[in-house]
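Chemist: Predicted structure and sequence below. I'll ask about it afterward.
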Amino acid sequence: MTRAWNFGAGPAALPEAVLKQAADEMLEWHGAGMSVMEMSHRGKDFSGIIGQAEADLRELLKVPANYKILFMQGGAIAENAIVPMNLAGKNPKIDFVETGSWSTKSITEASRYADVHIAATSLNPKAPQGKYTRIPSVSDWHLRPDTAYLHLCGNETIDGVEYFAWPDLEALGAGHVPLVVDVSSHILSRPLDVAKFGLLYGGAQKNIGPAGLTLVIIREDLLDQAHPLCPSAFRYKTVAENASMFNTPPTYSIYIAGLVFQWLKAQGGLAEMERRNIAKAELLYQTLDRSDFYISHVERACRSRMNVPFFLADESRNDAFLAGAAERGLLQLKGHKSVGGMRASIYNAMPIEGVRALVDYLQDFEKTQA
Ligand SMILES: *Cc1c(COP(=O)(O)O)cnc(C)c1O
């Protein structure tokens, strides 16, 4: 059996060491006589697993004491409704910055719950390829001072646009406005100053673990702003008061996420992951930039280190490109259907060797087509 290099955007590759450990512990976990999947979520074994996972995540991200970590379900798409129900329940006004497909989805969903205002957008509807390729300059953001919160997508998984600097809302006269960020596809790829944010959320299946787990990190003063019709299982205050056990949490996904957190600590933590992710992204973008055969549209300052969309200048070669890649064990390189072209997702679990294999293929394919 050989494992391919998996460039899928999500569910995405997991560290091999984590999968091996999970395989070893699959039938029987640490003398418990059963698999983690079969345990009571209220028993002492699972309480230890979720407690350790939370403690490790807190340590990795240096989460301040006045923030709660919630293990939820429904994915980031459910959070697009759950966040408005929780944070805009008393003041139904939400501002957004639109930078790609995922922030657009968040806007559409939130508009069912609140009055939505687009403070800035980078949409270029006339572009034939790459309708979102930049982040609007913060000085051009027009925030409503009385908005419940400002929502950003930290890394646009489909369009490949990533924030590397966070806006100074104080300078916009909006220092009191909580910043809410969808971090689904770049959480844990680098250190993050959690204290800058009111709430962070993300689905686990990009850079944390298996699908089914959704992570929410929320400042405590925001816990109790929910609309009365918000379902109890999705009410942050209720989930926090019950230590993510108001209903049965996705126990196996939490266990795997916990193994990933331990793996990250063993690698040297998030500063080390950032160093590796920079090296991987630079290698790939440099290769794309070196030739006219490949095109990358995203502005350099906000090119995602996690998701690298690119196009062949001659798109009639797309199928040949993908077939040749698959022959070398380079899988899931096809771009999202809304953008087209190719996309290489290179999350934490993708080692530089995988990116080298892709870069070699990019160069070889270009030569054979010359
Ligand atoms: C994948 C993704 C989502 C959707 O997550 P689901 O788990 O499918 O709900 C939302 N936002 C971003 C940025 C994503 O990458």
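Modeler: Sure thing, it's come through.
Chemist: got the residues of the chain near the ligand?
Modeler: Counting by Cβ under 6 Å from any ligand atom, the chain comes close to the ligand at 10, 75-77, 102, 153, 157, 182, 184-185, 203, 206. For the C-beta atoms, the positions are set from N, CA and C on the backbone; glycine is no exception.
Chemist: Quick one: which of those residues is the most crowded by neighbours?
Modeler: residue 153 (31 neighbours; other Cβ atoms under 10 Å).
Chemist: quick one: it and residue 102 touch, right?
Modeler: Yes: Residue 153 is in contact with residue 102 according to Cβ atoms under 8 Å; the separation is 4.6 Å.
Chemist: any residues in contact with both of these two?
Modeler: Residues touching both residue 153 and residue 102 (Cβ atoms under 8 Å, 6 or more residues apart in numbering): residue 182.
Chemist: Strands of the stretch 1-150 of the chain, start to end?
Modeler: Ranges of strands within the stretch 1-150 of the chain are 5-6, 67-72, 93-98, 115-121, 149-153, based on DSSP state E, counting those that start in this stretch.
Chemist: mind checking how far the first one is from the chain centre?
Modeler: The reference is to strand 5-6. In this view, strand 5-6 has its centroid 18 Å away from the chain centroid, taken as Cα atoms, centre = their mean, to the nearest Å.
Chemist: Strand partners (parallel or antiparallel) of that strand?
Modeler: Here strand 5-6 is paired, per DSSP bridges, with strand 330-331 (parallel).
Chemist: how far is the strand it pairs with from where the chain is centred?
Modeler: With Cα atoms, centre = their mean, you get 21 Å for strand 330-331.
Chemist: Which residues does that strand contact?
Modeler: Residues contacting strand 330-331 (Cβ under 8 Å, 6+ apart): 4-8, 325, 357-358, 361.
Chemist: again, but for stretch 103-117
Modeler: Contacts of stretch 103-117 (Cβ under 8 Å, 6+ apart): 77, 80-81, 83-85, 88, 92-98, 118, 144, 147-148, 151-153, 156, 182, 227.
Chemist: what's the most buried one of the strands of the stretch 1-150 of the chain?
Modeler: Here the criterion is mean neighbour count by mean count of other Cβ atoms under 10 Å, and of the strands of the stretch 1-150 of the chain the winner is strand 149-153, at a mean of 26.
Chemist: Could I get the average pLDDT for that one?
Modeler: For strand 149-153, the mean pLDDT works out to 98.
Chemist: could you dump it to CSV, C-alpha only?
Modeler: C-alpha atoms of strand 149-153 as CSV (Å, rounded to 0.1, in the frame of the first residue of the first chain):
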residue,chain,number,x,y,z
TYR,A,149,-19.7,42.5,14.8
LEU,A,150,-17.5,42.5,11.8
HIS,A,151,-17.1,39.2,9.9
LEU,A,152,-14.0,38.2,7.8
CYS,A,153,-12.9,35.0,6.2
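Chemist: Sheet partners, orientation included, of the helix or strand just after that strand?
Modeler: Scanning forward in sequence from strand 149-153 by DSSP states H and E, the next helix or strand is strand 155-156. Here strand 155-156 is paired, per DSSP bridges, with strand 161-162 (antiparallel).
Chemist: Which single residue of the stretch 251-370 of the chain ends up nearest the ligand?
Modeler: Per Cβ to the nearest ligand atom, residue 307 is where the stretch 251-370 of the chain lies closest to the ligand, at 8.1 Å.
Chemist: Give the burial count for that residue, as a bare number.
Modeler: Quick note: residue 307 (other Cβ under 10 Å) scores 30 neighbours.
Chemist: That one against residue 184, yeah?
Modeler: No: counting by Cβ under 8 Å, residue 184 is not a contact partner of residue 307; they are 10.8 Å apart.
Chemist: Pull up the overlap in contacts between those two.
Modeler: Shared contacts of residue 307 and residue 184 (Cβ under 8 Å, 6+ apart): 155, 157.
Chemist: Mind checking which of the contacts of strand 330-331 are in helices?
Modeler: Counted as lying in helices by DSSP state H, out of these, are 325, 357-358, 361.
Chemist: Out of those residues, which is nearest to residue 134?
Modeler: Nearest to residue 134 among these: residue 358, at 24.9 Å, using Cβ to Cβ.
Chemist: Which of the contacts of strand 330-331 lies at the shortest distance from residue 284?
Modeler: Nearest to residue 284 among those is residue 358, at 6.8 Å by Cβ to Cβ.
Chemist: for the residue of the stretch 251-370 of the chain closest to the ligand, which residues make a bridge with it?
Modeler: Note on residue 307: beta-bridge partners by DSSP bridges are residue 345.
Chemist: What distance do you get for it to residue 159?
Modeler: To residue 159, residue 307 is 8 Å away according to Cβ to Cβ, to the nearest Å.
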